[in-house]
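Visitor: Whatever this is, show me its structure:
(chains A and B)
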Amino acid sequence: SQTIHQWPATLVQPVGSPLSLECTVEGTSNPNLYWYRQAAGRGLQLLFYSVGIGQISSEVPQNLSASRPQDRQFILSSKKLLLSDSGFYLCAWSLNGDQPQHFGDGTRLSIL
Amino acid sequence: AQKVTQAQTEISVVEKEDVTLDCVYETRDTTYYLFWYKQPPSGELVFLIRRNSFDEQNEISGRYSWNFQKSTSSFNFTITASQVVDSAVYFCALSEGDTGRRALTFGSGTRLQVQP
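Guide: Numbers count the residues shown, from 1 in each chain, chains lettered A, B, ... in the order given. A predicted model of the protein is given here:
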């Protein structure tokens, strides 16, 4: 069966520091991969999606970036965090665009 | 652009009551998919159901049922005989666009509290 791992579970970072969140999927090949952000008490906003290695599409302009160095690895990064980057970040995968997306446990990011 | 509206921000019921969560969507596509997800206090999103735009049959799964009506662009979710474990935030989502993207547009969620 397929599983998705996302870490760390929580992270507290100072403003201006770098960020790296990692997500890996097991049990499937060439999945679609997604990064979402959920602000407190709100719905989820798509940040990035990827349909293959090295293929990244950005949904909203921001100081975050994403990379997919391996088939089942998806990384969310920032060179300098802003206060507005605080939130709950969720990674998800799907077999293809028509199938349900399955989410990781999320990373709660607090910027001080 | 697609849009998903969950007008009910928060609902509180007493255990064993039935409760319906509303979802209204907007899309220009003729082919699209609708989803419901549950987010318990622990934070992870749990997939509940997927419906394609060509299948308007209502679906029942245990205490859960879904009513999809294209005429009113609604995809409502009913929990029968609610239980405390049903307490969570429930999200309705819409998927459309090219196959490679199929990203989800989420509603703002409905927080359901089931009191014992």
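Visitor: From now on I want contacts and neighbour counts done on CA atoms only, so please keep to that.
Guide: Will do.
Visitor: May I have the beta-bridge partners of A:His102?
Guide: A:His102 has these beta-bridge partners by DSSP bridges: A:Trp93.
Visitor: Kindly report the same for A:Tyr36.
Guide: According to DSSP bridges, the residues that bridge with A:Tyr36 are A:Leu46, A:Leu90.
Visitor: Against A:Gly87, how distant is it?
Guide: 10 Å (Cα to Cα, to the nearest Å).
Visitor: ok, the two, which is more surrounded?
Guide: Counted by other Cα atoms under 10 Å in any protein chain shown, A:Tyr36 and A:Gly87 do not tie: A:Tyr36 has more neighbours, with 20 against 17.
Visitor: so what's the more buried one up against?
Guide: A:44-48, A:89-92 (Cα atoms under 8 Å, 6 or more residues apart in numbering or on different chains).
Visitor: Could you do B:Phe47 as well?
Guide: With the criterion set at Cα under 8 Å, 6+ apart, B:Phe47 makes contact with A:100-102, B:35-38.
Visitor: Okay, and the beta partners of it?
Guide: Beta-bridge pairing for B:Phe47 (DSSP bridges): B:Tyr37.
Visitor: Just give the nearest non-adjacent residue to A:Asn30, would you?
Guide: A:Asp71 (5.8 Å; Cα to Cα, 6 or more residues apart in numbering or on different chains).
Visitor: what's the burial count for B:Ser61?
Guide: Counted by other Cα under 10 Å, the residues lying close to B:Ser61 total 10.
Visitor: returning to what we had before: let me have the contacts of A:Tyr36 in a markdown table, extended by pLDDT.
Guide: Output for these, formatted as a markdown table (pLDDT from 0 to 100):
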| residue | pLDDT |
| --- | --- |
| A:Leu44 | 89 |
| A:Gln45 | 89 |
| A:Leu46 | 89 |
| A:Leu47 | 93 |
| A:Phe48 | 93 |
| A:Tyr89 | 96 |
| A:Leu90 | 95 |
| A:Cys91 | 96 |
| A:Ala92 | 95 |
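Visitor: So which residues of chain B form strands?
Guide: In chain B, the strands defined using DSSP state E lie at B:3-5, B:10-14, B:19-21, B:24-26, B:33-39, B:46-52, B:59-61, B:64-69, B:74-79, B:88-95, B:104-106, B:110-115.
Visitor: Determine which stretch of the ones you listed is the most buried.
Guide: strand B:88-95 (a mean of 26; mean count of other Cα atoms under 10 Å in any protein chain shown).
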